[in-house]
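Q: below are the sequence and a predicted model for it; my questions follow.
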Amino acid sequence: MIDTDNVQFPKVVKEIERKTRAIDFAMASDILTGSLLRTLATTKPSGNFLELGTGTGLSTTWILAGMDYSSRLITVDNNEKVVSIARQCLGDDPRVTFHVADGAAFIESLAGQAFDFIFADTWPGKFHHLEETLQLLKVGGLYIIDDMLPQSSWPEDHAPKVPKLISTLEQRRDLNITKMNWSTGLVVAVKKKP
């Protein structure tokens, strides 16, 4: 089994990839992460989805490809340049709402809301504001992070944060987690009943 053979790509992936290369954005999600996001999104019909770190919209595309038409996705990034590509390619989809804002402040603004699926692809919601983010997750909800295995595109201060985050997630009693030594290194967590 080769996990990149016969992957059915969402229609706009190639266009987003081309535009991503044109601006030299190196932090976009890969095919394997995208495929997993689509599969997991399909498990949440009529779901409330949150993506922290829109980037150019590659992972957004895969999440939307797994969502049904009664689901909604909120996605945020602090970089207007990259979000503009996501908006150009995906802005006609009424299920998604784009925000350009500081991730930490945005997470705080969501207090009291509840999500079925959270993909944290940026530092807020992963390396900081983790507790606030997990408070937004419904029981049975999915919390997904990537970039836990070394990547050439990592900023210098990324690597030291990874072991601490993994240890923190391992010690939580409100989550069942699976660590995946695959793709860019993923962790999939599900919130348990108290």
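A: Sure thing, it's come through.
Q: where's the residue nearest the centre of the chain, which helix or strand?
A: For the chain, the residue lying nearest the average C-alpha position, counting by Cα atoms, centre = their mean, turns out to be residue 119 (2.8 Å). With elements taken from DSSP states H and E, the one containing residue 119 is strand 115-120.
Q: so what are the sheet partners of that strand and their directions?
A: For strand 115-120, the paired strands and their directions (DSSP bridges) are strand 48-52 (parallel), strand 137-145 (parallel).
Q: so which residues make contact with the first one?
A: The reference is to strand 48-52. When contacts are defined by Cβ atoms under 8 Å, 6 or more residues apart in numbering, strand 48-52 is touched by residues 41, 59-60, 63, 67, 71-76, 103, 106-107, 110, 113-122, 124-126, 133, 136, 138. Where you see a C-beta, it was placed from the backbone N, CA and C, and this is true even at glycine.
Q: how far does that strand sit from its chain's centre?
A: Per Cα atoms, centre = their mean, to the nearest Å, the displacement of strand 48-52 from the mean C-alpha position of its chain is 7 Å.
Q: deepest in the core, which of the strands paired with strand 115-120 is it.
A: The highest mean neighbour count among the strands paired with strand 115-120 belongs to strand 48-52 (a mean of 25), with neighbours defined as mean count of other Cβ atoms under 10 Å.
Q: which residues of this protein score low on pLDDT?
A: Applying pLDDT under 70 to the chain flags no residue at all.
Q: hey, where'd the helices end up in it?
A: Taking DSSP state H as the test, the helices found in the chain are 13-22, 31-42, 58-66, 80-90, 103-109, 130-135, 161-171.
Q: mean neighbour count, these: which tops it?
A: Most buried of those by mean neighbour count (mean count of other Cβ under 10 Å) is helix 58-66; its value is a mean of 26.
Q: mind saving the C-alpha coords of that helix as PDB?
A: Provided in PDB are the C-alpha atoms of helix 58-66 (Å, rounded to 0.1, in the frame of the first residue of the first chain):
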ATOM      1  CA  LEU A  58      -4.700  24.000   1.300                       C
ATOM      2  CA  SER A  59      -5.900  22.400   4.500                       C
ATOM      3  CA  THR A  60      -9.100  24.400   4.300                       C
ATOM      4  CA  THR A  61      -9.800  22.800   0.900                       C
ATOM      5  CA  TRP A  62      -9.400  19.300   2.300                       C
ATOM      6  CA  ILE A  63     -11.500  20.000   5.300                       C
ATOM      7  CA  LEU A  64     -14.300  21.500   3.100                       C
ATOM      8  CA  ALA A  65     -14.000  18.400   0.800                       C
ATOM      9  CA  GLY A  66     -15.000  16.200   3.800                       C
END
